[in-house]
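Participant: give me the fold of what follows.
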Amino acid sequence: MSSTIVQYVVVRGDLISALKWPTGALIAQACHACTAAIHTFYQDEVTQQYLSDLDSMHKVILEAKNEESLRELSESLTQDGIQHKLWMEQPEDIATCVAAKPYTKQEVQKYFKKFKLFK
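Facilitator: Numbers count the residues shown, from 1 in each chain. All right, here's what the predicted structure looks like:
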């Protein structure tokens, strides 16, 4: 039985609501993080499966409240060996987004349950 392969992406909602970033700038952060995760883990077997059908890729875009919650997620993923990219906007050096490498949904969904879909 095959399972859906998904890439989870978590972006900071406060960048728009509190810090007044343009929506396009936040979308760019997510794109940077996704590209970096795919590139970094390109040789991974599940990543290759994910890329083998470009028209059927699944991404779930979620919202973190702030930088602290994003960093806590990254630390939790790191502790449990879940490969991901914490995107740091330069030159400000602030965490803006986490993109996991592609995984089967059931393998990593539990790490992202506390986050709501980004709106």
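Participant: helices and strands around the least confident helix or strand in the chain by mean pLDDT, which ones?
Facilitator: Here the helix or strand of the chain ranked lowest by mean pLDDT, DSSP states H and E is helix 14-17, holding a mean of 94. Using 3 or more Cβ pairs under 8 Å, 6 or more residues apart in numbering; DSSP states H and E, the elements in contact with helix 14-17 are helix 23-40. C-betas here are computed from N, CA, C, even on glycine.
Participant: buried sites along the following helix or strand past the helix it packs on?
Facilitator: Later in the chain than helix 23-40, the nearest helix or strand by DSSP states H and E is helix 45-51. Across helix 45-51, burial judged by 16 or more other Cβ atoms under 10 Å covers 47, 50.
Participant: residues in contact with helix 45-51?
Facilitator: 5, 7, 38, 41, 42, 57, 101, 102, 103, 104 (Cβ atoms under 8 Å, 6 or more residues apart in numbering).
Participant: check those for burial and list the buried ones.
Facilitator: Buried among the contacts of helix 45-51 by 16+ other Cβ under 10 Å: 5, 7, 38, 41, 101, 102, 103.
Participant: and the closest residue in space to residue 36 that isn't next to it in sequence, how many residues sit next to it?
Facilitator: In this structure, residue 36 finds its nearest non-sequential neighbour in residue 85, 4.4 Å apart by Cβ to Cβ, 6 or more residues apart in numbering. Counted with other Cβ atoms under 10 Å, residues neighbouring residue 85 total 22.
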